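Trainee: The following comprises the amino acid sequence and a computationally predicted model.
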Amino acid sequence: MMTYLKSTVMLMTIGLLMTPIPSNDYPIDGYETTKIRRLKRLTLVMSGEIKDTKPPLGGQLSINDIRLNLLGERGDSLVALPKADPVFQKSINALFPNLDESYSIAVLDISPGKPIRYAGRKEMGRYQPGSVGKLAVLAGFFAELEKIYPNSFEKRQELMRTKIVQGGKWAMVDEHTVPLFDTLTNKLVKRTVIESDEFTLYEWLDHMMSVSNNGAASVCWREAILMRVFGKTYPTLTDAMADQFFAVTSKPELSTLAISVVNDPLRDLGITEEEWRLGSLFTRGAGTFIPPKGGSIGTPSGLMKFLVAMERGKVIDQESSLEMKRMMYMTDRRIRYASAGVLSKAAVYFKSGSLYKCKPEEGYSCAKYQGNVDNFMNSVAIVEHPDGRDYIVVMMSNVLKKNSASDHSALAVNIDQVVKNLK
């Protein structure tokens, strides 16, 4: 079970703490390891030096509290998803009397000291994954990084911390703002990414995960492609050299390469193309360089397999799996499923995704997250309560003409209670 630090509890999403931190110091472990400026600001918020809303208690863990739950023999029993537990399944079924056709779900209770139990509904239902697909980009990025420094995770971190790349047209266009924090003046600006923006690899990854910036996702995917192509010379690769590669390489070749980079790690985990695949980059700007290929699909089954593999330390390697989990840790604003009040004291490792499409219809006006053709909203979450209740949820929905965020939050309350009632 994770332990909360006392009054000086801190945020942390990523990084690897190498030495103990004195209890009277504010543990700036995330910033010192990654140099992600957002984390520096959150540390100052926690200490009171900057006045702003602190993360909920469950969002104030130290890096030492973030660990993988399924290492060793317990995880080895989950090479494949288990059969549904009858009691658990009955309780989950009861949550969907009116939403059956529009929701698919997979839930896995991994609470320590209890048997592992699984329940699901329409787990092979196929949905457009939206931003949940950024987890595949994350895995692809770490897979290529491991090839450059196969024997040193510290060198991988050093590269992510020090290599700066420009977004360029790849980052265009996305409405999600990113935080720009000046560590000298302590001033924060939130704005959309522009072509000239330069960030370290760690910060691009953080923008992709913490605020789900699509431009950042395209940049991270681009960098993973460049790692695949340039290998051990990638650390010294310049933006000009990268631009030249994309200019002289055929678009069909680039499409095949891009799809391989983010989908190969999924196949290595036994996740099939029909369970989860990515087929297009996340921005129109990136699409001018690399055309889509094959379409994108997500299922609760495929995503659950990924999260289980991550908890087992099997996504690339144990260090990469832990780092990816840290990058899912919600110290930023919790939304949709993760916004449920019953989760405020829980650590939540979360990603949400949505995509909606409208067509003309009498009496209907198109609105954000209320599409009448498609209206996908997806949530994946690892929930860890202080009392030892740990479970994984994948929920995917396509409820037309309605913003399902409140339903996702309400279902989070009900699912949490179901897991709590399991004996």
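Mentor: Here it is on my side, so go on. Residues are numbered from 1 along each chain as shown.
Trainee: for the helix or strand hosting I415, packing partners?
Mentor: Per DSSP states H and E, I415 falls inside helix 405-421. Applying 3 or more Cβ pairs under 8 Å, 6 or more residues apart in numbering; DSSP states H and E, we find helix 405-421 packed against helix 86-93, strand 103-109, strand 374-384, strand 390-398. (C-beta placed from N, C-alpha, C; glycine too.)
Trainee: now the second one against strand 390-398, angle please.
Mentor: Relative orientation of strand 103-109 and strand 390-398, computed by axes from the mean of the first three to the mean of the last three Cα atoms, to 10 degrees: 180 degrees.
Trainee: helices or strands next to the very next helix or strand once past strand 103-109 in the packing?
Mentor: Next along the chain after strand 103-109, taking DSSP H and E as the criterion, comes strand 117-121. Judged by 3+ Cβ pairs under 8 Å, 6+ apart, the packing partners of strand 117-121 are helix 86-93, strand 103-109.
Trainee: Most tightly packed of the ones you listed?
Mentor: Compared across the helices and strands packed on strand 117-121, strand 103-109 shows the largest average neighbour count, a mean of 24 (mean count of other Cβ atoms under 10 Å).
Trainee: so where do the strands sit in this structure?
Mentor: For the chain, applying DSSP state E gives strands covering 103-109, 117-121, 164-166, 178-182, 187-191, 198-200, 276-277, 297-298, 347-357, 374-384, 390-398.
Trainee: Output those as CSV; include the columns distance to G130.
Mentor: As requested, these are exported to CSV (distance: least, Cβ to Cβ, whole Å):
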stretch, distance to G130
strand 103-109, 14
strand 117-121, 20
strand 164-166, 25
strand 178-182, 18
strand 187-191, 22
strand 198-200, 23
strand 276-277, 12
strand 297-298, 8
strand 347-357, 3
strand 374-384, 6
strand 390-398, 10
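Trainee: Nearest to K90, out of those strands?
Mentor: strand 117-121 (8.5 Å; Cβ to Cβ).
Trainee: check contacts around the nearest residue to A106 once chain neighbours are set aside.
Mentor: Spatially, and ignoring its direct neighbours in sequence, A106 is nearest to P300 (3.9 Å; Cβ to Cβ, 6 or more residues apart in numbering). By Cβ atoms under 8 Å, 6 or more residues apart in numbering, the contact set of P300 is S104, I105, A106, G120, K122, E123, M124, G125, V394, M395, M396.
Trainee: got it, and M160?
Mentor: T34, L145, T200, L201, Y202, L205.
Trainee: what's the burial count for the fifth one?
Mentor: Read it as Y202. When neighbours are counted by other Cβ atoms under 10 Å, Y202 registers 22.
Trainee: same deal with the second one?
Mentor: For L145, the tally of surrounding residues (other Cβ under 10 Å) stands at 24.
Trainee: Could you verify my assumption that it touches Q157?
Mentor: No. The pair L145 and Q157 does not pass the contact test of Cβ atoms under 8 Å, sitting 9.5 Å apart.
Trainee: end-to-end on stretch 277-296?
Mentor: 5 Å (Cα to Cα, to the nearest Å).
Trainee: Start at 17, not 1
Mentor: Happy to do that; since the first residue is 17 now, the last one works out to stretch 293-312.
Trainee: buried residues in stretch 153-170?
Mentor: Of all the residues in stretch 153-170, those buried under the rule 16 or more other Cβ atoms under 10 Å are 153-162, 164-165, 169.
Trainee: which one among those gets closest to V61?
Mentor: Nearest to V61 among those: L154, at 25.6 Å, using Cβ to Cβ.
Trainee: re the thing from before, among the strands of the chain, which comes closest to A96?
Mentor: Smallest distance to A96 across these (Cβ to Cβ): 10.5 Å, for strand 133-137.
Trainee: Would you mark the buried spots in that closest one?
Mentor: R133, Y134, A135, G136, R137.
Trainee: quick one: that strand to chain centroid distance?
Mentor: Put simply, strand 133-137 sits 22 Å off its chain's centre (Cα atoms, centre = their mean, to the nearest Å).
Trainee: ok and it relative to strand 119-125, angle-wise?
Mentor: Going by the same axes, to 10 degrees, strand 133-137 makes 180 degrees with strand 119-125.
Trainee: What angle do helix 421-437 and strand 133-137 make with each other?
Mentor: Using the same axes, to 10 degrees: strand 133-137 against helix 421-437 is 150 degrees.
Trainee: can you list the residues that contact strand 133-137?
Mentor: Residues outside strand 133-137 that contact it (Cβ under 8 Å, 6+ apart): 97-101, 104-105, 107-109, 112, 116, 119-125, 316-317, 438.
Trainee: what's the closest of the buried residues of strand 133-137 to P402?
Mentor: Using Cβ to Cβ, the buried residues of strand 133-137 come closest to P402 at R133, 20.7 Å.
Trainee: Would you enumerate the residues in contact with the closest residue to G184 other than its chain neighbours?
Mentor: Among residues not flanking G184 along the chain, E211 sits closest, at 5.5 Å (Cβ to Cβ, 6+ apart). For E211, the contacting residues are Q182, G183, G184, K185, A187, M188, by Cβ under 8 Å, 6+ apart.
Trainee: Retrieve the pLDDT associated with E211.
Mentor: E211 carries a pLDDT value of 96.
Trainee: do you know how far it is from W186?
Mentor: To W186, E211 is 9 Å away according to Cβ to Cβ, to the nearest Å.
Trainee: what does G387 give?
Mentor: The gap separating G387 from W186 is 26 Å, by Cβ to Cβ.
Trainee: same thing with A428?
Mentor: For A428, the distance to W186 (Cβ to Cβ) stands at 34 Å.
Trainee: What ranges in the chain fall below the confidence cut-off?
Mentor: 17-45, 115-116, 347 (pLDDT under 70).
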